[in-house]
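# please find the sequence and the predicted model below.
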Amino acid sequence: MKNQELTILFLGGARRVSLAELLKRSGKRIGYDIKIVSYELTEDVPISLEAKVVKGLRWDDPDVVDDIGRVIKEYEVDVILPFVNGAIEVASMCRDRYRDVFVPVTDFDIVSRLFDKSEAAKTFKEAGLPIPRTYSVLNAEVPAIAKPRKGGSSRGIHIFRNMEELMHLNDLQNYLLQEYIENCKEYTVDCYISHAGEILVTVPRERLEIMGGESTRTRTCRNEILENLCREVIEKFSLRGPVNLQFLHDLDADRYLLMEVNPRLGGGVICSIYAGAPITDYIIREALGVELKPCSDWASGTLMARYFKEAIFFERN
């Protein structure tokens with residue numbers, strides 16, 4: 001008997017080849033052939049190894065939601081998954097407009113506050129969540145770290161060890177300025193929350209090696225403090241779908257601090273999935289209206305080490 005088909009649209013999934021493979025594997029277990037389409041600015045991206053790439057518009061283009069509607073109709077899209085920050089807001093708007101498509105994302109009015117780092121830090125503090133000390137120009141102390149208010153992948157970050165250097169930073173108002181914690185460990189927690197708000201899985205993993213803002217070496221670990229903090233964050237902001245939250249453990253003061261809330265699949269989620277978190281299964285099953293069961297028996301100590309692999313494109317005649 002032939003499997004049924006389900007089409008998933010990636011928004012900005014250019015490098016998510018492994019995740020595409022895992023989604024297809026999950027589909028086969030459930031009895032579905034997963035077809036993947038990826039909405040990109042250019043066609044020569046690695047995801048083309050596992051997906052049909054469709055050239056689209058920038059996330060800030062006023063016509064982008066209409067253009068995605070064109071893709072939904074042409075390819076009979078069933079599910080939309082965003083993979084970069086700009087695409088999350090777009091996905092949220094698509095969910096409200098294209099009701100027949102399953103889009104597991106948090107509401108637009110919530111996510112829009114999370115991508116301005118200064119606004120996010122203010123929101124976290126007002127919610128009573130632990131964050132690093134946040135400075136203005138008038139009360140800044142060193143060492144300090146300055147992060148661009150918009151953007152990601154660790155681009156444009158500056159660390160300052162004296163006030164003179166800090167005062168020479170151009171456009172300081174466009175940065176979030178916080179205490180720099182040198183003796184620390186970094187963690188990401190991969191989560192999935194159902195449309196009804198049930199927290200189905202939370203998997204902390206230590207970020208052992210980072211390149212371009214993404215984990216290239218990471219290990220899952222049991223950490224009750226982080227899992228409880230995650231539940232508090234999820235409930236305060238009514239997060240939905242796949243989410244990853246980033247924390248620092250200040251080793252000198254023994255305190256855990258919330259750094260970022262990313263309401264999307266992170267690159268390192270592959271590690272959590274191999275550890276037993278059925279996140280790709282959840283996406284497909286929830287799209288199909290199948291009952292979801294919480295998972296707590298994932299394997300601690302699962303290590304993921306990444307390597308480079310090439311995708312080759314030849315000039316088209």
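Looks like it came in fine. Numbering: from 1, shown residues only.
# rest of the way, CA atoms for contacts and neighbours
Fine.
# gap between the residue nearest to P204 when sequence neighbours are not counted and G267?
Spatial nearest neighbour of P204, chain neighbours left out: V189 (4.1 Å); criterion: CA to CA, 6 or more residues apart in numbering. Distance from V189 to G267, counting by CA to CA, to the nearest Å: 12 Å.
# where does this structure dip in pLDDT?
Counting by pLDDT under 70, the chain contains low-confidence ranges at 1-2, 137-138, 151-155, 317.
# swap the cut-off to 50 and go again
Within the chain, not a single segment meets pLDDT under 50.
# for it, which segments count as helices?
17-30, 64-75, 85-97, 108-114, 117-126, 163-167, 224-237, 269-274, 279-288 (DSSP state H).
# most tightly surrounded among these?
Across the helices of the chain, averaging neighbours per residue (mean count of other CA atoms under 10 Å) puts helix 269-274 on top, at a mean of 22.
# identify the bridge partners of the residue nearest to P204.
P204, L245 (DSSP bridges).
# what sits against G276?
297-299 (CA atoms under 8 Å, 6 or more residues apart in numbering).
# where's it relative to V203, distance?
10 Å.
# who touches both of the two?
The contact lists of G276 and V203 share W298, where a contact means CA under 8 Å, 6+ apart.
# tell me how far E186 lies from V54.
35 Å.
# coming back round to it: name the residue in V189 and G267 with the higher neighbour count.
Counted by other CA atoms under 10 Å, V189 and G267 do not tie: V189 has more neighbours, with 26 against 18.
# the more buried one against R207, yeah?
No: using CA atoms under 8 Å as the test, V189 is too far from R207 to be in contact (10.1 Å).
# so what's the residue count around G31?
14.
# show me the contacts for it.
So G31 contacts 3-4 (CA under 8 Å, 6+ apart).
# quick one: it and Q4, what's the gap?
7 Å.
# can you check A144 too?
For A144 relative to Q4 (CA to CA), the value is 54 Å.
# more neighbours: which of the two?
Using other CA under 10 Å, the more surrounded residue of A144 and Q4 is A144, with 22 against 12.
# for that one, what are its contacts?
159-161, 177-180.
# export these to CSV and tack on distance to I284?
What follows is the contacts of A144, written out as CSV (distance: CA to CA, whole Å):
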residue, distance to I284
I159, 42
F160, 45
R161, 48
L177, 40
Q178, 39
E179, 41
Y180, 40
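# most surrounded residue in these?
L177 (27 neighbours).
# beta partners for it?
Beta-bridge partners, per DSSP bridges, of L177: Y135, A146.
# my guess is it meets P143, correct?
No: checked against CA under 8 Å, the pair L177 and P143 is beyond contact range at 10.5 Å.
# closest to D67 out of the contacts of G276?
W298 (39.2 Å; CA to CA).
# which residues touch stretch 115-132?
In contact with stretch 115-132 (CA under 8 Å, 6+ apart) are residues 85, 113-114, 134, 147-151, 175-176, 178-179, 233, 236, 256-260.
# with stretch 278-291 instead?
Against stretch 278-291 from outside (CA under 8 Å, 6+ apart): 22-23, 26-27, 78-79, 102, 104, 191-192, 194, 241-242, 273, 292, 295.
# how far off centre is stretch 183-191?
13 Å (CA atoms, centre = their mean, to the nearest Å).
# for that stretch, list the C-alpha coordinates in PDB.
Provided in PDB are the C-alpha atoms of stretch 183-191 (Å, rounded to 0.1, in the frame of the first residue of the first chain):
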ATOM      1  CA  ASN A 183      33.700  31.900  33.600                       C
ATOM      2  CA  CYS A 184      30.600  30.200  32.400                       C
ATOM      3  CA  LYS A 185      29.000  27.400  30.500                       C
ATOM      4  CA  GLU A 186      26.500  27.900  27.700                       C
ATOM      5  CA  TYR A 187      23.300  25.800  27.400                       C
ATOM      6  CA  THR A 188      20.500  25.400  24.900                       C
ATOM      7  CA  VAL A 189      17.200  23.700  25.800                       C
ATOM      8  CA  ASP A 190      15.300  22.200  22.900                       C
ATOM      9  CA  CYS A 191      11.500  22.100  23.600                       C
END
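# sweet, I'm off.
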